[in-house]
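>>> how does the following fold in three dimensions:
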Amino acid sequence: MIYPEVLENLIQSFKKFPGIGEKNAERLALYTMDMSDDEINLLADSLKNVKSKVQHCEICGYLCENEICNICADKSRDHNLICVIEDYKSAVSFEKIGNYNGTYHILNGLISPIDGVTPEDINIPSLLARLKNLENPEIILALKSSIEGQTTTMYLQKKLENQNVKISRLSYGISMGADIDYLDPITLGNALEDRKFIN
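Have a look, this model is predicted:
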């Protein structure tokens, strides 16, 4: 062990973050030693607060500090237009493009029989219940074009047959297997504008 134990523990903690290797973890840990007490306290409090105060919106599943997120609480948005996405990072990507005024529904996963993930294991039942309370809703399926994404899309199409729900999907200008949260804003914006109706 090169460093004192407390510093080594901090390095090991930073290494648990995605994309942080040994060198970066060491750099971050050493940097904290130069931070002021106020900065350290803010960092420590922020880490604790994220774990204890951030929860999932009761309506859409997005991240929030209250029961309902800012997007679902915003009356200026079109609540009959729901973009169905795999995870909250995709919502962040859509919000960055700035031309979407609907709401979201976060599935927190995709159907994957091979991995034992069924429709009941992800946030589909709450989506179906939510749609029953809307007038002429449209859902935009913004799921990646993987086997799991296609399986989830087909399942939702089947469940929503004859239910007066308009279903569209993003344009396939998005390459196969691409993750929504890694797309640049222009590609994602064009895919949203050029969505295709599938029912």
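>>> and the nearest residue to I122 once chain neighbours are set aside, helix, strand or coil?
Distances taken as CB to CB, 6 or more residues apart in numbering put G109 closest to I122, at 4.2 Å, once the chain neighbours are dropped. (Glycine included, C-beta is placed from N, CA and C.) Here G109 is recorded as coil under DSSP: H, G, I helix; E, B strand; the rest coil.
>>> equivalent analysis for the one 5 residues further on, please.
Three-state assignment for I114 (three-state DSSP): helix.
>>> quick one, what contacts L143?
L143 makes contact with 84-86, 107, 110, 149, 152-153, 169, according to CB atoms under 8 Å, 6 or more residues apart in numbering.
>>> if we can go back for a sec, give the contact list for the residue nearest to I122.
Applying CB under 8 Å, 6+ apart, the residues near G109 are 86-87, 117, 121-123.
>>> thinking again about what came up before, could you dump the contacts of L143 into a markdown table with distance to E26 added?
As requested, the contacts of L143 are exported to a markdown table (distance: CB to CB, whole Å):
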| residue | distance to E26 |
| --- | --- |
| V84 | 41 |
| I85 | 36 |
| E86 | 34 |
| L107 | 37 |
| L110 | 36 |
| G149 | 38 |
| T152 | 41 |
| T153 | 44 |
| R169 | 45 |
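>>> show me which of those are buried.
Restricting the contacts of L143 to buried positions leaves 84-86, 107, 110, 149, 152-153, 169, with burial counted as 16 or more other CB atoms under 10 Å.
>>> a markdown table please, covering the contacts of G109 and showing pLDDT and distance to N41.
Converted to a markdown table, the contacts of G109 look like this (pLDDT from 0 to 100; distance: CB to CB, whole Å):
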| residue | pLDDT | distance to N41 |
| --- | --- | --- |
| E86 | 93 | 36 |
| D87 | 92 | 31 |
| V117 | 90 | 41 |
| D121 | 90 | 39 |
| I122 | 92 | 38 |
| N123 | 91 | 36 |
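>>> show me the domain layout of the protein.
With automatic domain parsing as the criterion, the domains of the chain are listed as 5-53, 73-197.
>>> among those domains, which comes closest to C60?
Ranking the domains of the chain by proximity to C60 (CB to CB) places domain 73-197 first, at 5.0 Å.
>>> look up the pLDDT of the residue nearest to I122 for me, please.
The predicted local confidence for G109 comes out at a pLDDT of 92.
>>> just G102 next, same as before
At G102 the predicted local distance difference test score is 95.
>>> any low-confidence regions in this protein?
Across the chain, the ranges flagged by pLDDT under 70 are 1, 171-178, 184, 186-187, 190, 194, 196-199.
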